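K.L.:
here is my input; please provide its structure:
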Amino acid sequence: MAEAEAQLLLAVGLIEKDTNGDALWVWCYPSVTAELRSLLLRKCCLTDENKLLHTFVFGQYKRSWFYITTVEVQDSPALKKVTHFSVVLMAKDFNPEKYAAFTRILCRIYLKHGSPVKMMESYIAVLTKGICQSEENGSFLSKDFDARKAYLAGSIKDIVSQFGMETVILYTALMLKKRIVVYHPRIEAIQEFTRTLPALVWHRQDWSILHSYVHLNEEEVEALKACTGYIAGFTDSEVSSRPDLYDVYVNLADSEITISPVVKEAMTMGKLHKEIGQLIVQSAEDPEKSDSQVIKDISLKTKEILATLASLTEVSDGNEKPTLNSEALKQKRFPPATENFLFHLAAAEQMLKI
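P.N.:
Next comes the predicted model:
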């Protein structure tokens, strides 16, 4: 287990806000680049003008995940000149619950001792043994936090209760590996919503498409544009006037989903989409079903669609990967929207002849 941790944890850092109101990097181990430092200062909420305290935020930048816990300092003799501080963890894996638990322990250690040395000891203990224990600050055991649990932590049912049949737009966009942008003024709402979306395409189990906290900053936008399909969360409403960033725009605050004209053709809805939408809604509205059962129901439908697609492929020219036989697709005489969807799905799954 410890070996796995050594491969997953990348760095730990500390940002402080002092009594003058300045937020500064004060320490990191082993190292954090200047580019990442300015990114994490932006994310940690201590540089915000609005003074809102976000106790825990997470996101991804250039294939590394960041997890930040921020606390207000009250009655800590060890930190007389500090009003707030943030503990930052950089890691290779998506697991908000795991790193929230670990950063909370590191925060307690720093509040008590006011020295990064003790934090570093705990960090190294987790890095080498996968565990840190202390009676006063609580214990942390890496293997208590399974990746699959993190994938299932959000609520698909909440999404369906908010968007109903329109959830199928999100499903279609994800199946076709399109770019989804989600806006809400509250970062917590965005993180909860966006982290759940990849579960709609459970067969991929790919959370690397998630960028749950993005600023309209040049470097961040460029890094995002370098990704093919993604789910990106923004708290800045100006993102709605950036059509270069999305194929599907979700205004979470107003429960509105907009499809960009660029993908209107690929995202044409038909009989198949209606079936999928009804299945999603019926499953999610069943009080007997848990979120993971709803995910399973959707996943079974997806497997059915992928099996149909697979039956229309052929292996040619010594290619290992089967490609779509367009003639076979046409001969099936599917409704136009279904044929269109299967064609674009083949493109997303890299099953088209080039």
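
K.L.:
now do the helices in the protein.
P.N.:
For the chain, applying DSSP state H gives helices covering 2-8, 34-43, 96-113, 116-129, 147-151, 156-163, 167-175, 187-196, 218-225, 271-285, 291-310, 326-331, 336-348.

K.L.:
in a markdown table, list those helices along with mean neighbour count, mean pLDDT and distance to Pro77.
P.N.:
Where you see a C-beta, it was placed from the backbone N, CA and C, and this is true even at glycine. As requested, the helices of the chain are exported to a markdown table (neighbours: other Cβ atoms under 10 Å; pLDDT from 0 to 100; distance: least, Cβ to Cβ, whole Å):
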| stretch | mean neighbour count | mean pLDDT | distance to Pro77 |
| --- | --- | --- | --- |
| helix 2-8 | 14 | 70 | 33 |
| helix 34-43 | 17 | 94 | 27 |
| helix 96-113 | 21 | 94 | 10 |
| helix 116-129 | 17 | 92 | 15 |
| helix 147-151 | 15 | 93 | 37 |
| helix 156-163 | 19 | 97 | 43 |
| helix 167-175 | 23 | 98 | 50 |
| helix 187-196 | 21 | 97 | 32 |
| helix 218-225 | 14 | 96 | 39 |
| helix 271-285 | 17 | 97 | 51 |
| helix 291-310 | 16 | 96 | 45 |
| helix 326-331 | 13 | 91 | 72 |
| helix 336-348 | 19 | 95 | 58 |
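
K.L.:
out of those, nearest to Ala253?
P.N.:
In terms of Cβ to Cβ, the element of the helices of the chain nearest to Ala253 is helix 187-196, at 7.9 Å.

K.L.:
may I have that closest one exported as CSV, CA atoms only?
P.N.:
Extracted in CSV, the C-alpha atoms of helix 187-196 (Å, rounded to 0.1, in the frame of the first residue of the first chain):
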residue,chain,number,x,y,z
ILE,A,187,-17.6,26.3,-5.9
GLU,A,188,-19.0,23.6,-3.5
ALA,A,189,-22.1,23.2,-5.8
ILE,A,190,-19.9,22.9,-8.9
GLN,A,191,-17.6,20.3,-7.3
GLU,A,192,-20.5,18.1,-6.1
PHE,A,193,-22.2,18.2,-9.5
THR,A,194,-19.1,17.8,-11.8
ARG,A,195,-17.5,15.0,-9.9
THR,A,196,-20.6,12.9,-10.4
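
K.L.:
save the helices of the chain as JSON lines, and put in distance to Ser255 too.
P.N.:
JSON lines is the format used below for the helices of the chain (distance: least, Cβ to Cβ, whole Å):
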{"stretch": "helix 2-8", "distance to Ser255": "36"}
{"stretch": "helix 34-43", "distance to Ser255": "26"}
{"stretch": "helix 96-113", "distance to Ser255": "24"}
{"stretch": "helix 116-129", "distance to Ser255": "40"}
{"stretch": "helix 147-151", "distance to Ser255": "25"}
{"stretch": "helix 156-163", "distance to Ser255": "6"}
{"stretch": "helix 167-175", "distance to Ser255": "11"}
{"stretch": "helix 187-196", "distance to Ser255": "11"}
{"stretch": "helix 218-225", "distance to Ser255": "24"}
{"stretch": "helix 271-285", "distance to Ser255": "15"}
{"stretch": "helix 291-310", "distance to Ser255": "19"}
{"stretch": "helix 326-331", "distance to Ser255": "36"}
{"stretch": "helix 336-348", "distance to Ser255": "25"}
